[in-house]
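> When you get a sec, could you give me coordinates for this:
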Amino acid sequence: MRIDRIPPAPLYRLLAAVLMFALLPAVRPLAAQTTTGSVRGYIRGDNGAPIVAAEVRARNTATGTVRLATTNPKGFYALSGLVPGSYALEVRSIGFRPAGRTERVAIGQDLSLDFTLVASAVQLEEISVSAAPAVETRST
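Sure thing, here's the model as predicted:
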């Protein structure tokens, strides 16, 4: 079949399809680009058991912006969409001593940080509240 015998409309459609498939690999990586990073990991006790409902706080040291995450039943947490920069990470849970560290998050980085918290007993203090007798300030 000779090309001069193909009507113009199907020829243009064929040319458009070939160009579309030729340019598709060049366009696809652009959609995958990102401008943020993430931090994820596991929080465990000193006995190796996962700590449920521990609070993970990431504070951007340059801007002061704080992001929070809570661990799931397996002790896993994830902080995604972090602007690249230095972050002060702190982990807290009732009955455990807080732990923390400072890490740098880069563009597109998926930083894996695990923490081990040490159990700590806290002595609660007793608070006494007493009321003074009511004094009448007016008389009849």
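> Let me see the ranges of the strands in the protein.
Secondary structure of the chain (DSSP state E): strands at 37-45, 55-60, 66-70, 76-82, 85-92, 99-105, 110-112, 115-117.
> give the contact list for the residue most central in space within the chain.
Nearest to the mean C-alpha position of the chain, by Cα atoms, centre = their mean, lies residue 79 at 0.8 Å. Residues counted as contacts of residue 79 (Cβ atoms under 8 Å, 6 or more residues apart in numbering) are 38, 39, 40, 56, 58, 67, 69. C-beta coordinates here come from the backbone N, C-alpha and C atoms, glycine included.
> can I assume residue 101 is in contact with residue 91?
No. At 9.3 Å, residue 101 and residue 91 do not qualify as touching, with contact defined as Cβ atoms under 8 Å.
> Would you mind telling me which of the two has more residues around it?
residue 91 (24 against 11; other Cβ atoms under 10 Å).
> Tell me if I'm right that that one and residue 115 touch.
Yes. The pair residue 91 and residue 115 qualifies as a contact (Cβ under 8 Å) at a distance of 4.7 Å.
> who touches both of the two?
With Cβ under 8 Å, 6+ apart, residue 91 and residue 115 have common neighbours 43, 99.
> can you redo the contacts of residue 79 as CSV with pLDDT?
Listed next are the contacts of residue 79 as CSV, based on pLDDT from 0 to 100:
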residue, pLDDT
38, 97
39, 97
40, 97
56, 98
58, 98
67, 97
69, 98
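> Identify the bridge partners of the residue nearest to the centre of the chain.
residue 39 (DSSP bridges).
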